[in-house]
Structure formats: structure tokens, C-alpha cells
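Enquirer: Take this sequence and fold it.
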Amino acid sequence: MAKGEITINELRCKGCGICAHVCARGVLRWPSDKLTPNGYLLPAFVAMDRCNACQVCGWMCPDHAIEVYRFAEAAASKR
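Expert: Numbers count the residues shown, from 1 in each chain. This is a model prediction of the structure:
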């Protein structure tokens with residue numbers, strides 16, 4: 001199960017592919033066949049189930065186009 005969610009602001013992304021290069025878990029692949037409104041190639045999400053929300057892709061994005069959201073884990077019920 002994915003521990004996070006990645007969103008890419010397509011208006012900011014310039015298709016450099018750094019996010020896919022630095023993802024140690026292979027969550028992102030670059031290039032995809034999808035273009036931004038400005039004509040740049042977007043990365044593709046290929047394995048979101050492996051995302052651990054480490055945020056490296058967001059930190060390395062030179063255009064600040066990536067947001068990483070970490071899912072909160074449900075608290076174990078006490079009985």
C-alpha cells in the first residue's frame with residue numbers, strides 16, 4: 001500500500017526528468033507520452049504502491065512542481 005501521494009503541477013513542470021532519476025523506488029518514469037500545457041513531457045507514475053513519501057522527488061525538483069503528501073497511519077485500537 002502506498003504511504004503517500006505525489007502531485008505534479010503541470011504548469012510548473014518543465015520535463016527535466018530529475019524526479020524520476022532520483023526516485024530510489026522507481027515510482028516515477030520519465031518520459032511519459034503526456035505533455036504539459038506548455039508542451040513539456042511529464043513523468044509517469046508507474047508504481048505508486050511503492051511510494052514511501054520520502055519527498056526526495058519534491059526536494060530535487062528545480063521548478064517546485066511536485067508536492068508529496070504523506071498518509072497518516074491509523075492508530076491501533078486499544079482494547
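Enquirer: need the strands for this protein, in chain order.
Expert: Ranges of strands in the chain, per DSSP state E, are 4-8, 28-29, 44-45, 66-70.
Enquirer: First-to-last residue distance for stretch 35-55?
Expert: 23 Å (C-alpha to C-alpha, to the nearest Å).
Enquirer: ok, back up a step: deepest-packed of the strands of the chain, please.
Expert: strand 28-29 (a mean of 20; mean count of other C-beta atoms under 10 Å). C-beta coordinates here come from the backbone N, C-alpha and C atoms, glycine included.
Enquirer: State the distance from Tyr69 to Met60.
Expert: Look at Tyr69 and Met60: by C-beta to C-beta, to the nearest Å, they are 17 Å apart.
Enquirer: Likewise for Pro31?
Expert: 17 Å.
Enquirer: Repeat that for Tyr40.
Expert: In this view, Tyr40 and Met60 are 17 Å apart by C-beta to C-beta.
Enquirer: Arg12 now?
Expert: For Arg12, the distance to Met60 (C-beta to C-beta) stands at 14 Å.
Enquirer: just Trp30 next, same as before
Expert: For Trp30 relative to Met60 (C-beta to C-beta), the value is 12 Å.
Enquirer: what sits in contact with each of these two?
Expert: Cys19 (C-beta atoms under 8 Å, 6 or more residues apart in numbering).
Enquirer: low-scoring stretches of the chain, by residue?
Expert: Scanning the chain with the threshold set as pLDDT under 70 gives 1-2, 74-79.
Enquirer: mind listing what the closest residue to His21 other than its chain neighbours touches?
Expert: Counting by C-beta to C-beta, 6 or more residues apart in numbering, Trp30 is the residue found nearest to His21 once chain neighbours are left out, at 7.4 Å. Shown in contact with Trp30 (C-beta under 8 Å, 6+ apart): 15, 17, 19-21, 41, 43-44.
Enquirer: That concludes my questions; thank you for your assistance.
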